[in-house]
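Student: coordinates only, sequence not included:
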Ligand code: AMP
C-alpha cells in the first residue's frame, strides 16, 4: 500500500525559494574578486538566480546540458548554482587549481557548452580555449567597468547578460532524480572522474547536514565556508545556510589569515569550515598578531586529517569548538562528523581532544563498515583497520559516462579507498588512503598518524610519510618535513620526539627536510609526486 503524501520533488530550486520567502532579508556577504565587500539578500539571490535561468533558456541550454563555472566563493557563483540547476541544467564546478591538462580534459569530457568564469581565470582560459572543444560561449563574471580585454571567443559580460532579464520566472517541476551538479574528483592517479549529483542527493544531504549534531546551522548563525564551492559543493554548506536562513559570508579569492580574520570580525562569523591548510594560515596570523576569534563558536575541519595540535590550538587557545568531518566528492561529500556525545562531552579536555582526532560517526543517510581484503566484516573495536565502505542516497552509484566501470560491490557498497578503524561508540578514524599505508613486515603503519604526530613538534610546519622499499621489512616509513621558518629538526631529535607518541616499530627510519611539499588541487599532499621524488631513496640501515 502506498502512503498518501504529496509528491513534492526534492529540488535545489526549492532551497533558494524557501530562503527568499522565509528569510528574504538575510544577507549574503562577499569579499569580491575586485576587493570591496558586496552585500545582498536571499531575496536578491533568488531573483538573480531566476534571471540566470531565463538567460540560460534564452541562450538555448536544454535540460541536462552541462554549464561550467570556474569561480571562487562569491554571490555570483551562488546565484549561478541555483539558476543552472534550477532550470534543469547541470552546474559543473571546475577546480581552477587543477593542472592545465586536467582542466581541458574535464571540460571536454563533460561537454560543457557555456563557461562562467571569474576575471582571475581569463588569461588562463585564453591559453586553453582552443583545446576546449565544446564550449561555445564564455561569460565573464564582472560588470562592464571590470571587463578585461580578452581574446576569449564569444565573451559576454555577466552583469549585462543577467540584468537583461526581468526575473519573472517559475522554476520548472523537474524530477528530483534529474542531475543538478557535476564535480570531478582530483584523483592522484589517472584522469579525473565526474561525480554527477542529483537534485535529490543535494537537497537530502543539505537537510541532514543542517542538524544540530552535524553542521549545527541555524537562522541566528553567520556561516563562512572557506572550503571552495568547486570542492565537493563547498561540502553543501551554501545550501544548508539557505535552508535555515543563516547569514552567509563568502571570502572570494582571499584565503590569507588577515582577510579571513577581518571577515570573521566585521561580519560576526559564528561558524566556519575548511581544510587544515587554511587553518594553519589563520592560526599563524593569530599567533603573530595576538588577535582573537571571539564570537566564533565552531570550526569544521575536513578534507585531510585535522592534527591534534590544531584541535588543541582552536579549543584551548581560542575557545572555538572543533568539528572534524570526513567525506569525499563521491559522497556529496559528507559522511561522518565528530560531534561529541552526552558522555564524551564531559571527558577531560585531553581525552576529548584525542577523540576529536577521529573523524566521527556516520550521519543519517550514510551506512559505513570496515572490511578486510576479502570483504569480511571487521570488528568495531577502535583498533582493527580495514577498507572503509559506504552506501547511501548521496553516494555515487557510478562515475559520469561510466568511467572506471562498476564502482559498487554486489551489495551496493562503495569502497572509499580509505583505511579506517571504527570504535565501540561508532567513531571512525581514517588511518590512511589504502594506497598510502606503509606495509612493514606484513603489518600496516598509518602514514596519517605519523604525520599528525610529527606536526605536533613545535618546529615542524608540515609533514608527509611515504613507504620506501626495504630488503627485510618490504617497506619502512620515511618522514619528510617542512620546518617552521628558521628552524630545523634532525632525525635523532624527531625520533626521540615521536617515541612516546607511536609504537616503536612505527618510528620513521629516516627524516629528511624539504622547502615545500607537493599538493593536489584540493590541498592534500601529493604522495605520488613525493614517491617519484624519493624513488630509489636509500634508508640508513637498509
Ligand atoms: P575529496 O574527494 O577531494 O574531498 O577527497 C576525499 C578524500 O579526502 C577522502 O577519501 C579521504 O582520503 C580524505 N579526507 C577527507 N576528509 C578527511 C579527514 N577529515 N581526515 C582524513 N582524510 C580525509
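Tutor: Here it is on my side, so go on. Everything numeric here is computed off the predicted structure, so don't read it as measured data.

Student: Tell me if stretch 459-472 is near the ligand.
Tutor: No. Applying CB under 6 Å from any ligand atom, one finds stretch 459-472 separated from the ligand by no less than 13.5 Å. Heads up, the C-betas are built off the backbone N, CA and C, glycines and all.

Student: in that stretch, what counts as buried?
Tutor: Across stretch 459-472, burial judged by 16 or more other CB atoms under 10 Å covers 460, 461, 462, 463, 464, 465, 466, 467, 468, 470.

Student: can you pull the contacts of the residue nearest the centre of the chain?
Tutor: Central residue of the chain (CA atoms, centre = their mean): residue 231, 4.5 Å from the mean position. Residue 231 makes contact with 95, 303, 329, 522, according to CB atoms under 8 Å, 6 or more residues apart in numbering.

Student: doesn't residue 292 make contact with residue 318?
Tutor: Yes. Using CB atoms under 8 Å, residue 318 is in contact with residue 292, at 6.6 Å.

Student: which residues are common contacts for those two?
Tutor: residue 286.

Student: Can you give me the buried ones in the least confident helix or strand in the chain by mean pLDDT?
Tutor: The helix or strand of the chain with the poorest confidence is strand 443-445; it has a mean of 85 (mean pLDDT, DSSP states H and E). Across strand 443-445, burial judged by 16+ other CB under 10 Å covers 444, 445.

Student: swap in stretch 525-538?
Tutor: For stretch 525-538, the neighbour count (16+ other CB under 10 Å) marks 525, 526, 527, 530, 531, 534 as buried.

Student: any chance of the residues you listed in a markdown table, plus distance to residue 485, pLDDT and secondary structure?
Tutor: Listed next are the buried residues of stretch 525-538 as a markdown table, based on distance: CB to CB, whole Å; pLDDT from 0 to 100; DSSP: H, G, I helix; E, B strand; the rest coil:
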| residue | distance to residue 485 | pLDDT | secondary structure |
| --- | --- | --- | --- |
| 525 | 19 | 90 | strand |
| 526 | 22 | 90 | coil |
| 527 | 25 | 91 | helix |
| 530 | 21 | 94 | helix |
| 531 | 27 | 94 | helix |
| 534 | 24 | 95 | coil |
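
Student: hmm, back to that, any idea how far the residue nearest to the centre of the chain is from residue 311?
Tutor: 21 Å (CB to CB, to the nearest Å).

Student: What of residue 134?
Tutor: 45 Å.

Student: what about the two, which has more around it?
Tutor: Using other CB atoms under 10 Å as the criterion, residue 134 and residue 311 rank with residue 311 on top: 25 against 15.

Student: Am I right that the more buried one sits in a helix?
Tutor: Yes. Assigned with DSSP: H, G, I helix; E, B strand; the rest coil, residue 311 falls within a helix.

Student: quick one: it and residue 324 touch, right?
Tutor: Yes. Here residue 311 reaches residue 324: they are 7.4 Å apart, a contact under CB under 8 Å.

Student: Next, show the common contact partners of those two.
Tutor: Common neighbours of residue 311 and residue 324, using CB under 8 Å, 6+ apart, are 301, 356, 357.

Student: Give me the spatial nearest neighbour of the first one, chain neighbours excluded.
Tutor: By that I understand residue 301. What sits nearest to residue 301 in space, not counting adjacent residues and going by CB to CB, 6 or more residues apart in numbering, is residue 324, at 5.5 Å.

Student: secondary structure class for the one you found?
Tutor: strand.

Student: and it, what is it in contact with?
Tutor: Contacts of residue 324 by CB under 8 Å, 6+ apart are 301, 302, 306, 311, 337, 338, 356, 357, 358, 359, 360.

Student: In JSON lines: the residues you listed, plus distance to residue 162, pLDDT and secondary structure.
Tutor: JSON lines is the format used below for the contacts of residue 324 (distance: CB to CB, whole Å; pLDDT from 0 to 100; three-state DSSP):
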{"residue": "301", "distance to residue 162": "35", "pLDDT": "96", "secondary structure": "strand"}
{"residue": "302", "distance to residue 162": "33", "pLDDT": "95", "secondary structure": "coil"}
{"residue": "306", "distance to residue 162": "39", "pLDDT": "92", "secondary structure": "coil"}
{"residue": "311", "distance to residue 162": "43", "pLDDT": "97", "secondary structure": "helix"}
{"residue": "337", "distance to residue 162": "36", "pLDDT": "98", "secondary structure": "strand"}
{"residue": "338", "distance to residue 162": "40", "pLDDT": "97", "secondary structure": "coil"}
{"residue": "356", "distance to residue 162": "43", "pLDDT": "98", "secondary structure": "helix"}
{"residue": "357", "distance to residue 162": "45", "pLDDT": "96", "secondary structure": "coil"}
{"residue": "358", "distance to residue 162": "45", "pLDDT": "97", "secondary structure": "coil"}
{"residue": "359", "distance to residue 162": "40", "pLDDT": "98", "secondary structure": "coil"}
{"residue": "360", "distance to residue 162": "40", "pLDDT": "98", "secondary structure": "strand"}
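
Student: overlap between those residues and the residues near the ligand?
Tutor: Among those, the ligand is touched by 302, 359 when using CB under 6 Å from any ligand atom.

Student: one step back: closest one of the shared contacts of residue 311 and residue 324 to the ligand?
Tutor: Nearest to the ligand among the shared contacts of residue 311 and residue 324 is residue 301, at 6.7 Å by CB to the nearest ligand atom.

Student: That closest one: neighbour count?
Tutor: That count, for residue 301 with other CB under 10 Å as the rule, works out to 26.

Student: which residues touch it?
Tutor: Counted by CB under 8 Å, 6+ apart, residue 301 has contacts 273, 274, 275, 276, 279, 310, 311, 322, 323, 324, 325.

Student: same thing with residue 155?
Tutor: 137, 138, 139, 140.

Student: Please repeat the previous calculation with a cut-off of 10 Å.
Tutor: 117, 122, 125, 126, 137, 138, 139, 140, 147, 148, 149 (CB atoms under 10 Å, 6 or more residues apart in numbering).

Student: is it true that the last one touches residue 119?
Tutor: No. In this structure, residue 149 is not within contact of residue 119 by CB atoms under 10 Å, at 11.0 Å.

Student: Residue 178 contacts residue 88, correct?
Tutor: Yes. Using CB under 10 Å, residue 178 is in contact with residue 88, at 6.6 Å.

Student: Pick out whichever of these two has more residues nearby.
Tutor: The neighbour comparison of residue 178 against residue 88 (other CB under 10 Å) goes to residue 88, with 24 against 19.

Student: Tell me which helix or strand the closest residue to that one other than its chain neighbours sits in.
Tutor: Of all residues not flanking residue 88 in the chain, residue 63 sits nearest, at 3.5 Å (CB to CB, 6+ apart). Taking DSSP states H and E as the definition, one finds residue 63 inside no helix or strand.

Student: what about residue 63, distance to residue 194?
Tutor: 18 Å.

Student: again with residue 297
Tutor: Distance, residue 297 to residue 194, by CB to CB: 36 Å.

Student: Check residue 129 too.
Tutor: Counting by CB to CB - residue 129 and residue 194 are separated by 21 Å.

Student: the more surrounded of the two?
Tutor: Using other CB under 10 Å, the more surrounded residue of residue 129 and residue 194 is residue 194, with 22 against 18.

Student: Now do the contacts for that one.
Tutor: 66, 90, 92, 106, 109-110, 182-185, 329, 396, 398-401, 403.

Student: show me which of those neighbour the ligand.
Tutor: Near the ligand, judged by CB under 6 Å from any ligand atom, the entries from those are 185, 329.
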